[in-house]
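Visitor: fold the following.
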Amino acid sequence: MDARRQERVWGLVASGARDRGVAVSAGLVCEICAETAGVDGVGLTVRSRPGRLEPLYATDSISRQLDELQFTVGEGPCVEAFRAGQPVLVPDLAADSVLSRWPGLAAAAARADAGAVFALPLQSGAIRIGVLGLYRRAAGGLG
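Guide: Below you'll find the model as predicted:
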């Protein structure tokens, strides 16, 4: 992330904390991400130890369901983003390509009323520390 973007992100977090009268937390960051990115929910999953990822926070039940499912079955955009260290953007979870690529996720996403997921890996230098999953009920790209 370039310095200007990083400054803008931390400015949003700081002003969100100040406006709400709370300390900066993982939950606050997720809530601000949801508001700012125009998505319906955000889930944060972190590496707790080598080979183990655990959901840390979700802004809503759909985010929680999709995060838990992906890391339980070992497939989906968030799993792939973490493994590859690259964003995985899926604007339509009902697309044929999603059905063939992640069959378990596609079926569960339909049951959970999720239309799109955007997975962003979280890294500190070369160390992958987690993934941020942004979810939308309706299909469509991330602005």
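
Visitor: from here on, contacts and neighbour counts on C-alpha atoms
Guide: OK.

Visitor: pull the longest helix from the chain.
Guide: For the chain, the helix reaching the highest residue count under DSSP state H is reported as helix 3-20.

Visitor: for it, which outside residues touch it?
Guide: Residues from elsewhere that reach helix 3-20, judged by C-alpha atoms under 8 Å, 6 or more residues apart in numbering: 23, 24, 28, 29, 32.

Visitor: list the buried residues for the helix or strand just after it?
Guide: The first helix or strand that comes after helix 3-20 along the chain, using DSSP states H and E, is helix 26-37. By neighbour count with 16 or more other C-alpha atoms under 10 Å, helix 26-37 contains the buried residues 27, 28, 29, 30, 31, 32, 33, 34.

Visitor: CA atoms only for the longest helix of the chain - export them in CSV, please.
Guide: Taking C-alpha atoms only, helix 3-20 is exported to CSV below (Å, rounded to 0.1, in the frame of the first residue of the first chain):
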residue,chain,number,x,y,z
ALA,A,3,2.0,6.0,1.7
ARG,A,4,-0.9,8.2,0.7
ARG,A,5,-3.4,5.3,0.7
GLN,A,6,-2.1,4.1,4.0
GLU,A,7,-2.5,7.6,5.5
ARG,A,8,-6.0,7.8,4.2
VAL,A,9,-7.0,4.4,5.6
TRP,A,10,-5.6,5.1,9.1
GLY,A,11,-7.2,8.5,9.0
LEU,A,12,-10.6,6.9,8.4
VAL,A,13,-10.0,4.4,11.3
ALA,A,14,-8.9,7.2,13.7
SER,A,15,-11.8,9.4,12.9
GLY,A,16,-14.2,6.4,13.2
ALA,A,17,-12.8,5.7,16.6
ARG,A,18,-13.1,9.3,17.7
ASP,A,19,-16.6,9.7,16.3
ARG,A,20,-17.8,6.5,18.1
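
Visitor: tell me, how many residues neighbour the closest residue to residue 120 other than its chain neighbours?
Guide: For residue 120, the nearest residue in space outside its immediate sequence neighbours is residue 87; the separation is 4.6 Å by C-alpha to C-alpha, 6 or more residues apart in numbering. By other C-alpha atoms under 10 Å, the residues close to residue 87 number 19.
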